[in-house]
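Enquirer: For reference, the sequence and a predicted model appear below.
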Amino acid sequence: MKRPRRFLLLCALFCVSSAIVAPFLGESLDLSDPDHRFIFTELRLPRALLGLVCGASLGIAGVVLQAILKNPLATPYTLGVSSGAALGVVLSIVLSLHLVLPPFIGRPLVGVAGALLVIGITYRAAKVRGRLPPHTLLLAGVALTYLFSAMILAIQYQATPDDASRILRWLVGSLEQGEGYHAAAVSGAVLAVSLVLLLPAGRAFNALSGGEEAALGVGVDVPRVVRRAYLTASCLVGVIVAFVGPIGFIGLLVPHTLRLLGAVDNRLLLPASALCGAGFLVLCDGATNLLAAPRLPVGVLTHLLGGPFFLILLLREKRRIFG
Amino acid sequence: MARIEFAGVSAGYRESTVLEPLDLVIEPGMRVGLIGPNGSGKTTLLRVVAGVLPTRTGRVLLGSVDVAAMSREAIARAVAFVPQEETWEFPFTVEGVVACGRYAHASSVLGESEEDKAAVTRAIAAVGLQELRSRPITELSGGERRRAILARSLAQSAPALLLDEPTTALDLRHRQAVLRVLAKTGGTLVMATHDLDAAAAYCERLIALDYGRVVADGPPRDVITEEFLADVFGVRAEVRMEGDRLHVIPEF
């Protein structure tokens, strides 16, 4: 890309303008009215803030996992990380963890614990002579996704109607279950730490695109880079899934769209995906306020957009490989 | 520029030992060809020098330093290793791929220094890909891609180049282009290859491996003989000298 700074500035503009517009989408608000002001400051604003943080996190996690796995179709969902976090949260719902810990603390803890459980199992299952070959990591992730999804279904089936309904609503993925400012603050802090750890790795991710041996050859400490990136992205996703449920496809849609626009270099793609992921999710969430009444969870919209996009990507890959 | 020394080095994968204990010295600036049948240990030998594969016994020394004690970046500043195969899933430009060679030198995590940019430009020019520098690597032909990857190793500015079958699967034009670049490159060159004619033409020393052991070591015309080809490769072939050039002509 010829002008990376200008591109990044445009991404930032998209993010900021989405954040400004989204809370005003839907039923118009008169901010001089105390009730409307309450809706704006206590519902729409924290929701938009949480959307920004979640979108940025999912966007950056997608880039990281695609880079370390050398797989354009990798997402937190294909690796089982989301399923692990989801199982943790589902268990916390049926075990009424909220009676012991406030949800904005308890949920991320169980989410991260679930994600770490998946990391532990996939790491042991996929490790070959101290390395994590992408294909074994991906296969281990897929196996765990199926296993954990079955466990979630079993728990849901046995749960009380109230808990089953709560689990179902959470599994769809929505920003409204996000515990407002607290959730935005906790996930924002985790995102900030993750950015500090992941942004400097862009150059190493570039080298990894040519394969593990190529990256080792130019001086990348591949096992260390992969371990750190995998762990950081997984914890980040664990926290996000815990708050808003498994909102899919952001990590696929956003990085690939940016790559199509020329942002292939991971040093540019990482911050651009964070900015555009944030803007995209908050805009999608605002759009759900316009599209249907009662309001659809944003997870439904991202899946509706992501499914066809995923198919287009597959077709592109097929054409590229088989002509 | 440092010499490469193998002191009792053996290496392998899982239960199998691919490289039997060997002692070798490659002097600085020397062009060395590693020849031998498939599975003879050529790639393994390059991997242990590049620190990609740990040795089972013995030490590989770059100068006086054990590779096992060096950081990955320090190894990359000493030797540039180009593996046999590379697949790029994402459409990085040629320039982007070549810039990866500056990883071990980069002072900034975000941008490239002027020195990095100059090294990338020089490397791209050396392989003759100036006109394709903005082209995605996924859209290049096999030969162009190989040259781009060679340029990345040149951008690494390491005093020694380790190349694993650099001309495999290339047509005549691209093979010549790659070999011409290698001929102009200063520094130590260690190249594993099945292209015996090229090895004889471009290397001043050939090391022949068979079953992980060195079976011949010396100037090309001393190593590549009809007896050697029959013993090591199991083929009957004529070795013909035309001026300074050695040619291997297999019998059918």
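Expert: Cool, got the structure.
Enquirer: Tell me where the stretch 1-150 of chain B has strands.
Expert: B:4-13, B:16-26, B:31-35, B:57-62, B:65-66, B:79-82 (DSSP state E, counting those that start in this stretch).
Enquirer: Identify whichever of these lies nearest to chain A.
Expert: For chain A, the closest of those is strand B:79-82, at 3.8 Å, according to Cβ to the nearest Cβ. Where you see a C-beta, it was placed from the backbone N, CA and C, and this is true even at glycine.
Enquirer: What helices and strands are in contact with the closest one?
Expert: Contacts defined by 3 or more Cβ pairs under 8 Å, 6 or more residues apart in numbering or on different chains; DSSP states H and E place strand B:79-82 against helix A:212-217, helix B:42-49, helix B:142-155, strand B:160-164.
Enquirer: Please produce JSON lines containing the ones you listed, extended by mean neighbour count and distance to A:C54.
Expert: Shown next, in JSON lines, are the helices and strands packed on strand B:79-82 (neighbours: other Cβ atoms under 10 Å in any protein chain shown; distance: least, Cβ to Cβ, whole Å):
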{"stretch": "helix A:212-217", "mean neighbour count": "25", "distance to A:C54": "30"}
{"stretch": "helix B:42-49", "mean neighbour count": "25", "distance to A:C54": "43"}
{"stretch": "helix B:142-155", "mean neighbour count": "24", "distance to A:C54": "37"}
{"stretch": "strand B:160-164", "mean neighbour count": "24", "distance to A:C54": "44"}
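Enquirer: Minimum distance to B:R180: which of the ones you listed has it?
Expert: helix B:142-155 (10.5 Å; Cβ to Cβ).
Enquirer: tell me the angle the closest one makes with strand B:160-164.
Expert: Helix B:142-155 and strand B:160-164 are oriented at 150 degrees to each other (axes from the mean of the first three to the mean of the last three Cα atoms, to 10 degrees).
Enquirer: Does chain A have contacts with helix B:142-155?
Expert: Yes - with Cβ under 8 Å from any Cβ of the partner chain as the criterion, chain A is reached by helix B:142-155 at B:149, B:152-153.
Enquirer: Tell me which residues of the helix or strand hosting A:I60 come out buried.
Expert: If you go by DSSP states H and E, A:I60 is part of helix A:45-69. Buried residues in helix A:45-69, counted by 16 or more other Cβ atoms under 10 Å in any protein chain shown: A:45-69.
Enquirer: Excluding covalently adjacent residues, which one is nearest to the residue in the stretch 101-250 of chain B positioned nearest to chain A?
Expert: Nearest residue of the stretch 101-250 of chain B to chain A (Cβ to the nearest Cβ) works out as B:A104 at 3.3 Å. Of all residues not flanking B:A104 in the chain, A:G219 sits nearest, at 3.3 Å (Cβ to Cβ, 6 or more residues apart in numbering or on different chains).
Enquirer: residue ranges with poor pLDDT in the chain?
Expert: Defaulting to chain A. A:129-132, A:177-179, A:317, A:320-323 (pLDDT under 70).
Enquirer: not quite, I wanted chain B
Expert: Within chain B, the stretches with pLDDT under 70 are B:1, B:107-111.
Enquirer: list the contacts for the residue nearest to the spatial centre of it?
Expert: Centroid-nearest residue in chain B: B:L163, 1.3 Å away (criterion: Cα atoms, centre = their mean). By Cβ atoms under 8 Å, 6 or more residues apart in numbering or on different chains, the contact set of B:L163 is B:46, B:82, B:150, B:153, B:182, B:189-192.
Enquirer: hmm, 6 Å instead?
Expert: Going by Cβ atoms under 6 Å, 6 or more residues apart in numbering or on different chains, B:L163 touches B:82, B:191.
Enquirer: Distance of it relative to B:P83?
Expert: Separation of B:L163 from B:P83 (Cβ to Cβ, to the nearest Å): 9 Å.
Enquirer: Could you give the number of residues near the one residue in the stretch 101-250 of chain A that gets nearest to chain B?
Expert: Distances between the stretch 101-250 of chain A and chain B by Cβ to the nearest Cβ are smallest at A:G219, namely 3.0 Å. A:G219: 28 surrounding residues under other Cβ atoms under 10 Å in any protein chain shown.
Enquirer: Surely it touches B:G101?
Expert: No - under the criterion of Cβ atoms under 6 Å, A:G219 makes no contact with B:G101, lying 9.1 Å away.
Enquirer: if we can go back for a sec, now the residue nearest to the centre of chain B, which residues is it bridged with?
Expert: B:V82, B:M191 (DSSP bridges).
Enquirer: Can you pull the residues of chain A lying near chain B?
Expert: Selection of chain A residues close to chain B by Cβ under 6 Å from any Cβ of the partner chain yields A:70, A:72, A:200, A:203, A:206-207, A:209-211, A:213-214, A:216-219, A:221, A:264-265, A:267.
Enquirer: Which residue is the nearest non-sequential neighbour of A:F104?
Expert: Leaving aside its chain neighbours, A:F104 sits nearest to A:H182 (3.7 Å; criterion: Cβ to Cβ, 6+ apart).
Enquirer: Neighbours of that neighbour, how many?
Expert: Close neighbours of A:H182, defined as other Cβ under 10 Å, add up to 16.
Enquirer: gap between it and B:R146?
Expert: With distances taken as Cβ to Cβ, A:H182 is found 55 Å from B:R146.
Enquirer: And for B:E86?
Expert: Between B:E86 and B:R146 the distance is 9 Å, computed by Cβ to Cβ.
Enquirer: Kindly report the same for A:F280.
Expert: 39 Å.
Enquirer: Perfect, I'm done here.
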